[in-house]
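Peer 1: quick one, what's the 3D model for this:
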Amino acid sequence: MQSLLNQWWESQSSNPTCNLTRNAVTSLLKLAESDAERKRLRYAIVGAAGLSNKKAAKVYGFGNMTSVVSEVEEALKEAQAIRKVIEKLAELKDKELMKSLGISNDESSESDSGEESETDNEGSDVDDNNHDGNGYNNDDGLDSNRLIAVLQQCDFNWLEFVSQIEKDKPKIDKNTMDSLLEDFAAELPNLGVSEHNNNLIQQSRQVYHEQQLLLEQQNDITNGMIVSDEESDNPEEYLHVREPLDDAGRTLIMKRRAAIRRKAKRDIKKIAERRFLMRRRSKRVGKILKDYPDIGKTIEEFVKNCGVGADAWRRTGIYTFDGNRRQEKKVTFKRIQDHLQSTYHRSFSYGTVVQLCVARNKRRKSAMRYKGLAKGVQKRARKGFTMKYNPDVHWSAALYRGLDHLQYTDGSNIVNFGRDDQSGFRLDTMSTHKQHATLCLRDEPPLTTCVDYVNRYPSVLQTTSYNFPATETTGEVCVGVVKAQKLFPKNPAQHYADLTMVVEGKEEVKPAFINHTTGKRKAVECIRVDGAGDEGLLHEEVQYWWTKQHFERGSRAMLVSTRNSGSSYRNRVELQNGCLALGHANTFIPPTLHGSCIENGQSNEEILFKNLHTAIDVYISRVNHSPCADTVINLWKGADSSLQQEERKAVNIFLKGKKDVKMQLQKEQPELFQNIKKIWNLRTNHMTPNLPGQYLFFLQCCYKKGCVHPICQTGVQEEIVWYPQGPPINYLPIPTPDPTRPYGNNRCEECSGFCAGHYMKPNQLISLAKTAGTTPICKPPSQVILESFKTNKGIPDENAVEALSKQVLLPVDEVMMWLKHLKTVQENRVEGARKAAATRKNNRPTVREEEKEDQCYVCNMEEPPNFDGDDDESIDWIECDACANWFHAFCVDLTGILPDLWHCPSCN
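Peer 2: Numbering: from 1, shown residues only. From the prediction side, this is the model:
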């Protein structure tokens, strides 16, 4: 059988065939970009098929192949010679010779000596008298005769041969094995191997090397190394080289030298990692490793348990889940030393503890003394978190996916913008904005003052960013309103003044408000905010100012939305904030441009205001037109909101004031009171009910008689859609569970583990709304879980939790985690109310008489009116958690189980 295979192989190798047809060859030649490339293709086709000149002309129509073959072979020899010379010159180590040839050498001798000394030190650590120059033992029995016998048993298959050697000698490391195989491959021509068998060996050996190279690349990718094809040869580069030492040749030589140095550094790193455990250690460290092999794991567990980063807290935006207020001390090497001494009951030196961890800078020679048994290293914190902060994350993401589809498909009739306040810019230092680098002279970097100096007067600038995102029909516009905390208050009234008096009046922003088709103001407004105290949709004052904007601008609909707590970073305006931070990086503006703000130990308000106004002007002149995406950021100073601030005081009285204060406002300022009442009634008539108030605030025209809105007064009800041929304006993409991807789906292609279900995609929701006429209002998971908690008066049983998880499309463990959080909040509130009542009771100026302590605060009797005098009958008492007075349960109409937290009618 073997002889037949050999004969077949020889016949195949002696009679090569080419399956290319004449039409295919003609098409291939037409794709060639030059005559030289066509000659090379004809040469390769004829050579591969083994055709003579006559047969080539007959089969493919190739003429004059003799001259073509001679030209290509001559060019091939010349190219190989040039490549060989360039490679040899690139590998030269004689720097003086390189300079004489006109080739610059940008390597520093200091780095070379440092790397060589480190490599030499590593090599000296692993030398052993029991090893020869090749790195393997002489007593291993792997001589050439033994290896050739194994190769014959493997039918000259190099892959099987290497596998067999590794199986027979498992103690030989990979570097030694590679060196052994290379030496053996070089001796093969002298071992009497036939030409046919040698061909089999070389073919399988080439496959083996390709597999090893691919495996190394995959390992590099797994280990986080950047792998690219930059080091590979580009044949086009050699086409411009006529002589090895011409300009193109010198450039190519320097490029190859740089590639060789980079490859050498990578190889040194790999060898250092492989031989890491073979380095010599002191006897003391060796004894520690021998006595306590788990010491590295002990250090890692201690460091991990003491961590207080974001992953150590399970934050919801308000409280922590576990309620734990005590945390471990900050990790230091001294604390690690104390922990090891208490764990192993022996002493450890401070230096030993440090060197058991990872070196912070691996390029220093001192890094060789670090053992790396524990992955402990000093590093700065980084942004990144995978755990969900809020149970509404999934629901909110589905909501905004639908809003993106509605608002960003066509922006010709929709005003889209997001608003957010950027972080403060301190005038007296760069501590808040020196994180980003800027171009400067090498010896003259930007200077700043000490960061621990804080002024006694406010000296912080803050920019309110307005981002008008791009849609499929409109471009992006970026706007910033620069304000100082002392000059401009941070409240909804100031935001209203900035938007109406500054942003809308600028020519740069008019395309965002005007319909380019009709030339009129756009009919729909969609705003995205971050839900902070001055923008939260549940605040009635915020709703008032948005309703006033809806009334004065005459919009047909206004939708204000916010994301769940912890996800506002996904808004487009956050990108604008980051670009603005790059724009004002390393900018120093003193807060004393017109003199010191301190006069006789007190702050001079007049000079302070003048300095802040000038600082805003300087900031705008420096940072204005900073790049952001495909546009620039336009900056302007904040608006004067004195009139809006006066109106804000009246609005708060109207919404939250007592009855007598409201009556006084109506009497003193009747016109203002009626205007506020008109806006608030408009809000009641136009607001869409039953929406999740913390996420959506939707106003749309009612077209009723008597409505004060200018559009409603026309009486013309115009059908408006979100985009051409899209859903009507009253449609909202409230997340709805997808029946095709239900809870517990075992065949979900989007989830790697357990699938808790998915919400419908935007197109599915629109189809459902067209079919059913409306979409069901699906409450946010946090609201559903809270209602279940209140209904069950605590954490429900396992079956109810399972049903609740299926309803809110969340895993059971996350639902249970949130229920425990609600339980902790309830207990903390009860305890806080009790402490507050006790504090108020102790701080009272007068105390009730002792004979009245056992009397009800309502009936002033020890026994309730319905008491019949039976000694066996018990009397139910309850204490108010606010005023600490006691009441008969009968007198306050309480029956059954008394609540844990209760307030009397007066305190309620």
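Peer 1: so which helix or strand takes in the residue nearest to Val46 when sequence neighbours are not counted?
Peer 2: Spatially, and ignoring its direct neighbours in sequence, Val46 is nearest to Ala56 (4.9 Å; CB to CB, 6 or more residues apart in numbering). C-betas here are computed from N, CA, C, even on glycine. Assigned by DSSP states H and E, Ala56 belongs to helix 53-59.
Peer 1: tell me the SS of Asn23?
Peer 2: helix (DSSP: H, G, I helix; E, B strand; the rest coil).
Peer 1: I meant Val560, not that one.
Peer 2: Here Val560 is strand, with the state taken from three-state DSSP.
Peer 1: thinking again about what came up before, send the alpha carbons of the helix holding Ala56 over as PDB?
Peer 2: Output of helix 53-59 as PDB, limited to C-alpha atoms (Å, rounded to 0.1, in the frame of the first residue of the first chain):
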ATOM      1  CA  ASN A  53       6.000  27.400 -25.500                       C
ATOM      2  CA  LYS A  54       3.900  25.700 -28.300                       C
ATOM      3  CA  LYS A  55       1.400  24.200 -25.900                       C
ATOM      4  CA  ALA A  56       1.000  27.500 -24.000                       C
ATOM      5  CA  ALA A  57       0.300  29.300 -27.300                       C
ATOM      6  CA  LYS A  58      -2.200  26.600 -28.300                       C
ATOM      7  CA  VAL A  59      -4.000  26.300 -24.900                       C
END
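Peer 1: what does it contact?
Peer 2: For helix 53-59, the external contacting residues (CB atoms under 8 Å, 6 or more residues apart in numbering) are 22, 42, 46, 51, 62-63, 65-66.
Peer 1: go through it and flag the buried ones.
Peer 2: Within helix 53-59, the residues that count as buried by 16 or more other CB atoms under 10 Å are 56, 59.
Peer 1: what score does the closest residue to Asn197 other than its chain neighbours have for pLDDT?
Peer 2: Residue nearest to Asn197 in three dimensions, not counting chain neighbours: Phe156, with 4.9 Å by CB to CB, 6+ apart. For Phe156, the model assigns a pLDDT of 82.
Peer 1: name the element Phe156 belongs to?
Peer 2: Assessed by DSSP H and E, Phe156 sits outside every helix and strand.
Peer 1: looking at it, it is touching Ser204, isn't it?
Peer 2: Yes: counting by CB atoms under 8 Å, Ser204 is a contact partner of Phe156 at 7.2 Å.
Peer 1: give me the more crowded residue out of the two.
Peer 2: Phe156 (22 against 18; other CB atoms under 10 Å).
Peer 1: please name the residues that touch the more buried one.
Peer 2: 193, 197, 200-201, 204.
Peer 1: where does pLDDT dip in the stretch 401-550 of the chain?
Peer 2: 431-433, 435, 448-454 (pLDDT under 70).
Peer 1: can you map out the strands along it?
Peer 2: Along the stretch 401-550 of the chain, the segments classed as strands by DSSP state E, counting those that start in this stretch run 414-421, 425-426, 460-468, 477-484, 524-529.
Peer 1: reformat these as JSON lines; add distance to Pro692.
Peer 2: As requested, these are exported to JSON lines (distance: least, CB to CB, whole Å):
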{"stretch": "strand 414-421", "distance to Pro692": "19"}
{"stretch": "strand 425-426", "distance to Pro692": "35"}
{"stretch": "strand 460-468", "distance to Pro692": "24"}
{"stretch": "strand 477-484", "distance to Pro692": "29"}
{"stretch": "strand 524-529", "distance to Pro692": "15"}
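Peer 1: quick one: closest of the ones you listed to Ala32.
Peer 2: Of all these, strand 477-484 sits nearest to Ala32, with 49.5 Å by CB to CB.
Peer 1: pull the distance from the closest one to the chain's centre.
Peer 2: 26 Å (CA atoms, centre = their mean, to the nearest Å).
Peer 1: cool, and stretch 461-477?
Peer 2: 22 Å.
Peer 1: quick one, longest helix in the protein?
Peer 2: When the chain is parsed with DSSP state H, its longest helix is helix 812-842.
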